[in-house]
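1. Fold the following, please.
(one chain, ligands or ions: 2)
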Amino acid sequence: MNSKLPENFCLSPFINLTIEPSGHIRLCCATKHSLGKIQEIKSIKDVWYNGDEIQKIRTSFKRGDIPECCSISCFAKEKKGLRSRRMKIESWFPGITQIPETLEIYDMDISLSNSCNLQCVMCSSEYSSSWFKDDERLLRISPYREQHVKRKYLIPSYMTMSQMDEVISMAKTAQKITFKGGEPTYDKRLLYFLDECLKNNICCPVELITNLSIISEAVLQRLDHFNKVTISASIDAIGELQKWMRGVGVLSTDDAEVVIGDLLNRGFTVCLNVTVTPYNLWNIRDYILWTRKNEKVHVNFSQISTYPRYCSPGLIPLEMRRKVAEDLEDMDLTNISHVQRIISYLKMENPDNWQTSSIAKFTEYFLAFTEEMNRIRGVKIQDIVPEIQIVIDQLKNG
Ligand SMILES: C[S@@+](CC[C@H](N)C(=O)[O-])C[C@H]1O[C@@H](n2cnc3c(N)ncnc32)[C@H](O)[C@@H]1O
Ligand code: SF4
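-> Ligands and ions are numbered 1, 2, ... in the order given. Predicted coordinates:
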């Protein structure tokens, strides 16, 4: 960490605005602590510049105290030797070497809504409107889905036009804007947001985190005007498995290749983001070989779906995980980010640090959830990934 900033300090509450697809305003995307919900507040500016809650957190950091919400997110992660959001944000802004005296937003992490055209297996109605119809029924399978009902996630959530204007007016000092969602390109108002940014001379680097399936020429033409564009394409598998994992509407592997080629030709940076789940472990090898076709593409294995718990790769029997890890170790893994972390995770006996009774419960949910997803997709994953049948048989036999 930068030596000039106090040891336990985080820049995020001073320079970052995060708005989640559910409407929660947060200190950053690593903490679940809410500063308010856009549906329930009068002004986003008021919450961020003058809100009691964020002021308390800023004062804590200035004093050298760690606020509780940050202690259970970033600081806990750092204790395990992992790279936290706090560390990342400090590395993105090396020029900030002292506690900021004025409040200016340099970093924005914006979700315009929870609208999404896909229904990915590891996702839920917190992020995707396509999950609403099935989420309630899935309560039978896992009480973890209950949170979506309790937290009122089963309804559309979106920024109003005047809230978008407010956010754009706060973006004048931004040095980086990240669009998430929902699927940012599924929300037509992304065009309005980009147009208004450009009208206001906001053309800082932008990152679009997207499932890549519906990115339009109109969006790409707007993006052409920003200083640097990174397209983080969420592709978790190749072939039929990608369809099973993400559902109807997902791009085929061949079509993804064409879209990626077009993005690279435009001068955009393309990063493939893989979310590792129990379902795509046996596809990673072919996936890496596929990405080798285009050396300009960055590949990032930064996400493991440890939540929902029943979607954690840690539930796969240890010998099977170890075999996947060993096969990966035999490959050329240069320039593939975070894959070593996945390998270490897969080799651990209890990578999620769960108690035995919890593992039994999550295993039961995993089996029921897989069966339900097969029904939703109309295709059995076992027919695409035969290893999953072995997993199911082993887990059922204890
Ligand atoms: C929620 S999506 C929103 C943006 C866009 N719709 C997409 O899929 O890229 C953001 C990222 O979260 C990942 N993701 C979804 N469910 C996850 C989970 N349970 N654990 C970790 N990452 C997850 C997605 O694969 C994607 O890379
Ligand atoms: S595309 Fe993104 S937001 Fe939509 S369901 Fe998949 S992970 Fe969730």
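2. Who are the contact partners of the residue of the chain found nearest ligand 1?
-> Closest contact between the chain and ligand 1, by Cβ to the nearest ligand atom, is at Ser234 (3.3 Å). In short, each C-beta sits where N, CA and C put it, glycine included. Ser234 sits next to Ile209, Thr210, Asn211, Leu212, Asn273, Val274, Thr275 when contact means Cβ atoms under 8 Å, 6 or more residues apart in numbering.
3. elements contacting the helix or strand containing the first one?
-> Under the criterion of DSSP states H and E, Ile209 resides in strand 206-210. Applying 3 or more Cβ pairs under 8 Å, 6 or more residues apart in numbering; DSSP states H and E, we find strand 206-210 packed against strand 176-179, strand 229-234.
4. give me that answer again for 10 Å
-> strand 107-110, strand 176-179, helix 189-199, helix 217-223, strand 229-234, strand 269-276 (3 or more Cβ pairs under 10 Å, 6 or more residues apart in numbering; DSSP states H and E).
5. following the helix or strand bottoming out on mean pLDDT in the chain, which helix or strand comes up?
-> When the helices and strands of the chain are scored by mean pLDDT, DSSP states H and E, helix 146-150 comes last with a mean of 63. Sequence-wise, the next helix or strand downstream of helix 146-150 (DSSP H and E) is helix 161-170.
6. List the buried residues in that next one.
-> Of all the residues in helix 161-170, those buried under the rule 16 or more other Cβ atoms under 10 Å are Gln163, Met164, Glu166, Val167, Ile168, Met170.
7. Next, format those residues as CSV and append distance to ligand 1 and pLDDT.
-> Compiled in CSV, these are given as follows (distance: Cβ to the nearest ligand atom, whole Å; pLDDT from 0 to 100):
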residue, distance to ligand 1, pLDDT
Gln163, 19, 98
Met164, 18, 98
Glu166, 22, 98
Val167, 18, 98
Ile168, 20, 98
Met170, 22, 98
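8. one step back: give the bridge partners for the residue of the chain closest to ligand 1, please.
-> Beta-bridge pairing for Ser234 (DSSP bridges): Asn273.
9. Ligand 2 versus that one, what's the distance?
-> 6 Å (Cβ to the nearest ligand atom, to the nearest Å).
10. ok, now Gly261?
-> In this structure, Gly261 and ligand 2 are 21 Å apart, going by Cβ to the nearest ligand atom.
11. The helix or strand hosting that residue vs strand 206-210, what angle?
-> Element membership for Gly261 (DSSP H and E) is helix 253-265. Using axes from the mean of the first three to the mean of the last three Cα atoms, to 10 degrees, one finds that helix 253-265 and strand 206-210 are set 180 degrees apart in direction.
12. Check what contacts helix 253-265 and list those residues.
-> Helix 253-265 has contacts (Cβ atoms under 10 Å, 6 or more residues apart in numbering) with 208, 212-213, 215, 217, 220, 223, 229-231, 233, 235, 237-243, 250-252, 268-270, 272, 286-287, 290-291, 293-294, 296-297.
13. buried sites along that helix?
-> Thr253, Ala256, Glu257, Val259, Ile260, Leu263.
14. Wondering if it reaches ligand 1 at all.
-> No: Helix 253-265 stays clear of ligand 1 (Cβ under 6 Å from any ligand atom), getting no nearer than 12.8 Å.
15. hey, C-alpha coordinates of that helix in CSV?
-> Taking Å, rounded to 0.1, in the frame of the first residue of the first chain, the C-alpha atoms of helix 253-265 are listed here in CSV:
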residue,chain,number,x,y,z
THR,A,253,-18.8,-19.2,-29.1
ASP,A,254,-18.4,-18.5,-32.9
ASP,A,255,-20.5,-15.3,-32.7
ALA,A,256,-18.5,-14.2,-29.6
GLU,A,257,-15.3,-14.5,-31.6
VAL,A,258,-16.7,-12.2,-34.3
VAL,A,259,-17.9,-9.6,-31.8
ILE,A,260,-14.6,-9.7,-29.9
GLY,A,261,-12.7,-9.2,-33.2
ASP,A,262,-14.8,-6.2,-34.0
LEU,A,263,-14.2,-4.7,-30.6
LEU,A,264,-10.4,-5.1,-30.9
ASN,A,265,-10.5,-3.6,-34.4
